[in-house]
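>>> what's the 3D shape of this:
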Amino acid sequence: MRTTDKKMVSENLHLNNALKEHFGFDQFKGEQKEIIESILNKNDTFVIMPTGGGKSLCYQLPALISEGVTVVISPLIALMKNQVDLVRSFSEKEQVAHFLNSSLTKAQQRQVKGDLENGITRLLYVAPETLTKEENIEFLSGLNISFFAVDEAHCISEWGHDFRPEYRKLREMMKEIGKDIPIIALTATATPKVQDDIVKNLELENTNTFIASFNRPNLYYEIVPKINKNQTLRHMVRFISKNKGKSGVIYALNRRTTEELAAMLMANGIKAVAYHAGLESGLRAKRQDQFLKDEVDVIVATIAFGMGIDKPDVRFVLHYDVPKSIENYYQETGRAGRDGLKSSCILYYSYKDVEKLEHLMRDKPLSEREMGAQLIDEMLAYTESGACRRRLLLHYFGEKSNIENCGYCDNCINPKEPLDVKDSVKIILDAVKELHEKVGINYLVDFVLGVKTPQIITYKHDQCKTFASGQIMEMDAPFWQSLIRQMMLEGFIRKDIEEYGLIKITKEGEKFLKNPFAIKVPLNHEYRDMDESDLENEVTNETEHLDPVLFEDLMKIREKVARKHDIPPYTVFFEQSLEDMCSLYPTNMEELQRIYGVNQGKALKFGRPFINHIATYVEEHDIIKPDDFVMKNVASKSGIKVFIIQNIDRQIPLENIASAKNLSIEELIEAMEEIVYGGTKLNVNYLLEDIDEDDLEEILDYFREVEEDNLEEICAEFSDYDIEYEQFQLIRLKFLNDFGF
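Purely as a prediction, here's the structure:
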């Protein structure tokens, strides 16, 4: 065996042994080994590896086996903590990995720096802001740094989905720390334009670039039209209920929507919590841990959640709102199925959501608006396309694919009838050629349709030979836009992002012009033109399936129960509740509580004779129960507040108020606190009549004396009094009412 061969075998054994020793894995995934060898050989290295591909190991393993410390630049504090905890879990020494950021106390920072100076630490995670401090640059300059790792490197590019201006300064700060230190840059999503930005900005030299496939074959992609809110929520609850007990993430555009969706899911028996940047950091961490530990099934989040979350068994990712870009969409859906098992990605789409995104861009600088508009346009094209979703995503990230039908997206499972577009393709190519490849999609569509826009008239393009050439096809603008997108997908034309999205003809397009041939493509879905009438076949009126015999039986039972309790029949169950029972056939208490207008208390009080009769009826008539239910809506917070104010004024007992709105006493008092803190008085005196007047006065005096509103401290001060915590909350409300207004 030659010396070089022996050396390669030795190095392979060394890396394989290190992988087993430090992470417990028997073999590398994909090009992990080649990437690690590249950075160990002091080469600048660029890695694009989709979520779940093992990106972090590409810098963690070489860091652990190299001399000195690896400095990892990471954008989020929460992400750093997760990564540090993960590395520590594989090591006997806690000090093997640290993070250095603003969340640490001075004493903790001294401890971290001491471990670094003593050579104990192999991985140091820092935020880019940390490197802006001169004292940190000076400190790091004195260490033996093996290499820099720039995680989430797409943050460098203004075309990236999470642009961070601080990332633009990284190269300058790295040079101050050490000029010849190699760099590994890593990201899960980067278009060719973003890739170029990363390489140029970090000044990567003689770079070894590794690009893994963007294809996630285990993910199912689907677009569901979002015609109205109730229909969308119903679809969402049905889908999640069919995947009961499985982990999922729902992304929404704003904080309020996350709270509303989480409340709606909870009302329908789904363990869910909201997560957004407006929550206190401790609560965010708690909810993240609950999700990771399977204490909740669904987390409803803004984009504040998810980056770097290493939960392999997320079975679905739902988008309630349209993401701002395909990069956002790809990275967020990429959090599903990281264990390689089949998972679903569903996006609820309405053009109104696109208009909201465009509205949010109105106050941005012009350059940012232009970039944002292009990114939104790409997202719009993806959602409305009739082509294979997987192929569209791969094409967007510059990956060539021969996939025609992936068999695992909505468009491939239910394909649209393709049209022969040979003549239309030639019209577009001829127009692009005559316009010297100097126009974008919208301009081109107006041109072939013969629309005399101010720009077309200014450039005298209305005098061109191919102007209005598309009118002969008698097709509208959406057809031509869809066709142009399909031509990109087929490789006849390309959009030059460097030149602001101008359309260029490719070699394939030139071949077609010389010798046109038949070509069939699926055209766009017409989601924009849909209204509620288009859903008549999809969302049927359940009373059409009403069982009239059973309905009559239940009406008689209701009348009997009402007489027994000496109450009007409608107070037992609403008529709509009986209709739902006749189409959904609830045969136990849990199923009965899913019926419209039925809560736990009402089910327990009146429900037994109804479900007993339905169970017998189902058995006698061999009825197969539908896999369906009635979704419970959550009353708006403002409606609940008005109800509380009115009932407190009427001096109704708290138990009755809480029961009427299906709240716990704790939740009711929290709502009352929100009302008082919002500036509305609540007269709670009648709720404090059981408390000794002298004791009450003494506690109110104490409230006047304390500087901070610390209820736990007050409870401890009066711990020998026979007063419960909820009563202390009510006393505080009285104090605020009496003295705070």
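>>> low-confidence ranges in the stretch 301-450 of the chain?
Scanning the stretch 301-450 of the chain for pLDDT under 70 picks out 304-310.
>>> Please, where are all the helices along the stretch 301-450 of the chain?
326-333, 351-360, 366-384, 389-396, 410-413, 422-434, 441-449 (DSSP state H, counting those that start in this stretch).
>>> what inclination does the first one have with respect to helix 366-384?
The one in question is helix 326-333. Orientation check (axes from the mean of the first three to the mean of the last three CA atoms, to 10 degrees): helix 326-333 against helix 366-384 gives 60 degrees.
>>> Work out the gap between helix 326-333 and the centre of the chain.
8 Å (CA atoms, centre = their mean, to the nearest Å).
>>> right, and the helices of the stretch 301-450 of the chain - which one's nearest Met264?
helix 351-360 (18.2 Å; CB to CB). For every residue, glycine as well, the C-beta is placed using N, CA and C.
>>> Just the buried residues of the closest one, please?
Within helix 351-360, the residues that qualify as buried are Tyr351, Asp353, Val354, Leu357, counting by 16 or more other CB atoms under 10 Å.
>>> Throw these into CSV and include distance to Ile493, thanks.
Listed next are the buried residues of helix 351-360 as CSV, based on distance: CB to CB, whole Å:
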residue, distance to Ile493
Tyr351, 25
Asp353, 28
Val354, 24
Leu357, 26
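>>> Going by distance to Ile184, which of those residues wins?
Nearest member of these to Ile184, counting by CB to CB, is Leu357, at 33.8 Å.
>>> ok so, going back, with respect to His436, which of the buried residues of helix 351-360 is nearest?
Val354 (31.1 Å).
>>> so the closest residue to Leu523 other than its chain neighbours is in which element?
What sits nearest to Leu523 in space, not counting adjacent residues and going by CB to CB, 6 or more residues apart in numbering, is Ser482, at 4.6 Å. Using DSSP states H and E, Ser482 maps to helix 477-490.
>>> ok so, going back, I figured the residue nearest to Leu523 was touching Lys416, is that so?
No: counting by CB atoms under 8 Å, Lys416 is not a contact partner of Ser482; they are 10.5 Å apart.
>>> intersection of neighbour lists for those two?
Jointly contacting Ser482 and Lys416 under the rule CB atoms under 8 Å, 6 or more residues apart in numbering are Gly386, Leu523.
>>> When the two are compared, which one has more neighbours?
Neighbours were counted for Ser482 and for Lys416 using other CB atoms under 10 Å; Ser482 has more, 24 against 14.
>>> residues contacting that one?
Here Ser482 is in contact with Glu384, Ser385, Gly386, Leu523, Asn524 (CB under 8 Å, 6+ apart).
>>> Closest to Val71 out of those?
Ser385 (42.3 Å).
>>> Do I have it right that the closest one meets Arg485?
Yes: using CB under 8 Å, Ser385 is in contact with Arg485, at 6.3 Å.
>>> the more surrounded of those two?
Using other CB under 10 Å, the more surrounded residue of Ser385 and Arg485 is Arg485, with 25 against 22.
>>> The nearest residue to that one once chain neighbours are set aside and Ile441, how far apart?
Of all residues not flanking Arg485 in the chain, Ala381 sits nearest, at 5.1 Å (CB to CB, 6+ apart). As judged by CB to CB, to the nearest Å, Ala381 and Ile441 stand 9 Å apart.
>>> tell me, what's touching the two both at once?
Gln481.
>>> show me where the stretch 101-250 of the chain has helices.
So, for the stretch 101-250 of the chain - with DSSP H, counting those that start in this stretch - the helices run 106-117, 128-131, 134-141, 170-177, 192-202, 229-242.
>>> and of those helices, who's closest to Glu37?
helix 192-202 (20.0 Å).
>>> Now that closest one: buried residues?
In helix 192-202, counting by 16+ other CB under 10 Å, buried: Val194, Gln195, Asp197, Ile198, Val199, Asn201, Leu202.
>>> Distance to Arg315 and pLDDT added to those, as a markdown table?
Listed next are these as a markdown table, based on distance: CB to CB, whole Å; pLDDT from 0 to 100:
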| residue | distance to Arg315 | pLDDT |
| --- | --- | --- |
| Val194 | 29 | 86 |
| Gln195 | 31 | 89 |
| Asp197 | 34 | 89 |
| Ile198 | 32 | 91 |
| Val199 | 36 | 92 |
| Asn201 | 37 | 91 |
| Leu202 | 36 | 92 |
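>>> And those residues, which is closest to Ile657?
Of the buried residues of helix 192-202, the one sitting nearest to Ile657 (CB to CB) turns out to be Val194, at 54.7 Å.
>>> Need the nearest residue in space to that closest one, chain neighbours excluded.
In space, Val194 is closest to Ser157, 4.3 Å off (CB to CB, 6+ apart).
>>> which residues touch that neighbour?
Phe163, Ala190, Lys193, Val194, Asp197, Ile198, Asn201.
>>> mind checking how far the fifth one is from His154?
Relative to His154, Asp197 is positioned 9 Å away (criterion: CB to CB).
>>> Would you agree Leu392 is in contact with Ser385?
Yes: applying CB under 8 Å as the test, Leu392 and Ser385 come out as touching, 5.9 Å apart.
>>> Other residues contacting stretch 385-395?
213-215, 217, 221-223, 326, 330, 382, 400-401, 403-406, 408-412, 415-416, 482, 485-486, 488-489, 521-525.
>>> Just the buried subset of those residues, please.
Buried among these by 16+ other CB under 10 Å: 214-215, 221-223, 326, 330, 382, 401, 403, 406, 408-412, 482, 485-486, 488-489, 521-525.
>>> follow-up on the earlier one: give me the neighbour count for the residue nearest to Arg485.
20.
>>> cool, and Lys452?
Lys452, neighbours per other CB under 10 Å, totals 13.
>>> Can you give me the neighbour number for the nearest residue to it once chain neighbours are set aside?
Leaving aside its sequence neighbours, Lys452 sits nearest to Asp462 (CB to CB, 6+ apart; 5.4 Å). Using other CB under 10 Å, Asp462 has 15 neighbouring residues.
>>> Tell me how far Asp462 lies from Lys641.
On the measure of CB to CB, Asp462 and Lys641 end up 60 Å apart.
>>> Tell me where the stretch 551-700 of the chain is predicted with low confidence.
567-568, 570-571, 574, 596-597, 599, 601, 626-639, 677-680.
>>> all strands in the stretch 401-550 of the chain, in order from the N-terminus.
Using DSSP state E, counting those that start in this stretch, the strands of the stretch 401-550 of the chain run over residues 419-420, 493-496, 502-505, 520-521.
>>> In JSON lines, list the ones you listed along with distance to Gln600.
Output for the strands of the stretch 401-550 of the chain, formatted as JSON lines (distance: least, CB to CB, whole Å):
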{"stretch": "strand 419-420", "distance to Gln600": "55"}
{"stretch": "strand 493-496", "distance to Gln600": "57"}
{"stretch": "strand 502-505", "distance to Gln600": "61"}
{"stretch": "strand 520-521", "distance to Gln600": "54"}
